[in-house]
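Trainee: Kindly generate the corresponding structure for this input.
(one chain, ligands or ions: 1)
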Amino acid sequence: MAMDVFEAMETRRSCRAFLPDPVGEDTILKILQAGTWAPSPLNAQPWEFMIITRGEVKKAIFNEAEERKKWGLEVSGWKWLGAYRVDFLKSVPVIIAVIGDPKKTGLDSFLEEGGVGYQHACAAAIQNMHLAAHALGLGSLWFTLFDRQVIRGVLEIPEEKTPLALICLGKPAKAPPATSRKDVKEKVRFIR
Ligand SMILES: Cc1cc2nc3c(=O)[nH]c(=O)nc-3n(C[C@H](O)[C@H](O)[C@H](O)COP(=O)(O)O)c2cc1C
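Mentor: Have a look, this model is predicted:
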């Protein structure tokens, strides 16, 4: 029996240590298919996926993450960033790049500042993929520590599309650390 959706949401955790075992293409496609069941503005499905397993591309992503970490440390002064390691980017078996199409954003494309609906849709697809990966016993991570222009170059993505996230995917090397959530009651206000 597949994992109950409530159990999947509650027990999924971000994984930052992976075993080198490859992930089968059928499994990857099953996860991507789950992503595409996400809602999107006008059902425009503004996502594309790139499946990265090539070592030298993973290394280029790692290099960019290191650069971005330096930048982050400079602009934020957050000490923990200095201790945050991104070596898993080199060893993770699969990285799925989620690429959004800003034109497929629904009516908000007529806003002067441009639309964000496509980003929301891609985020929904990403979460679906995390839940699917978890239900299949895999670990995953929503990774965004990169400059989009640099990753555009690394993955040869045209200017009119936007790399929004890199999903790291593989068998977890160890159980990801537990995290907690605030009580939902702290986050809610009823308008009756
Ligand atoms: C938009 C977004 C961007 C994120 N970017 C990163 C990232 O660059 N690196 C990372 O290690 N985790 C990243 N995360 C994962 C969060 O750190 C993680 O979800 C949060 O700490 C809660 O932990 P949990 O997912 O294990 O419950 C990101 C999550 C989201 C939603």
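
Trainee: This protein against the ligand: which residues are in contact?
Mentor: Residues of the chain lying close to the ligand (Cβ under 6 Å from any ligand atom) are 13-14, 16, 141-145, 176, 179. For every residue, glycine as well, the C-beta is placed using N, CA and C.

Trainee: Helices along the protein, start to end?
Mentor: 5-11, 25-36, 55-76, 79-83, 88-91, 117-135, 148-155 (DSSP state H).

Trainee: Report the buried residues of the longest one.
Mentor: Of the residues in helix 55-76, 58, 60-62, 64-65, 68-69, 72 count as buried by neighbour count, 16 or more other Cβ atoms under 10 Å.

Trainee: pull the CA atoms of it into PDB?
Mentor: These are the backbone C-alpha positions of helix 55-76, laid out as PDB (Å, rounded to 0.1, in the frame of the first residue of the first chain):
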ATOM      1  CA  GLY A  55      29.800  14.200 -12.600                       C
ATOM      2  CA  GLU A  56      31.300  17.200 -14.200                       C
ATOM      3  CA  VAL A  57      27.900  19.100 -14.200                       C
ATOM      4  CA  LYS A  58      27.300  18.200 -10.500                       C
ATOM      5  CA  LYS A  59      30.800  19.600  -9.800                       C
ATOM      6  CA  ALA A  60      29.900  22.800 -11.700                       C
ATOM      7  CA  ILE A  61      26.800  23.100  -9.500                       C
ATOM      8  CA  PHE A  62      28.800  22.500  -6.400                       C
ATOM      9  CA  ASN A  63      31.300  25.200  -7.500                       C
ATOM     10  CA  GLU A  64      28.400  27.700  -8.000                       C
ATOM     11  CA  ALA A  65      26.900  26.800  -4.600                       C
ATOM     12  CA  GLU A  66      30.300  27.500  -2.900                       C
ATOM     13  CA  GLU A  67      30.400  30.900  -4.700                       C
ATOM     14  CA  ARG A  68      26.900  31.700  -3.700                       C
ATOM     15  CA  LYS A  69      27.700  30.700  -0.100                       C
ATOM     16  CA  LYS A  70      30.500  33.200   0.000                       C
ATOM     17  CA  TRP A  71      28.100  35.900  -1.400                       C
ATOM     18  CA  GLY A  72      25.500  34.900   1.100                       C
ATOM     19  CA  LEU A  73      27.900  35.100   4.000                       C
ATOM     20  CA  GLU A  74      29.000  38.600   2.800                       C
ATOM     21  CA  VAL A  75      25.500  40.000   2.400                       C
ATOM     22  CA  SER A  76      23.900  38.400   5.500                       C
END
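
Trainee: Alright, calling it a day.
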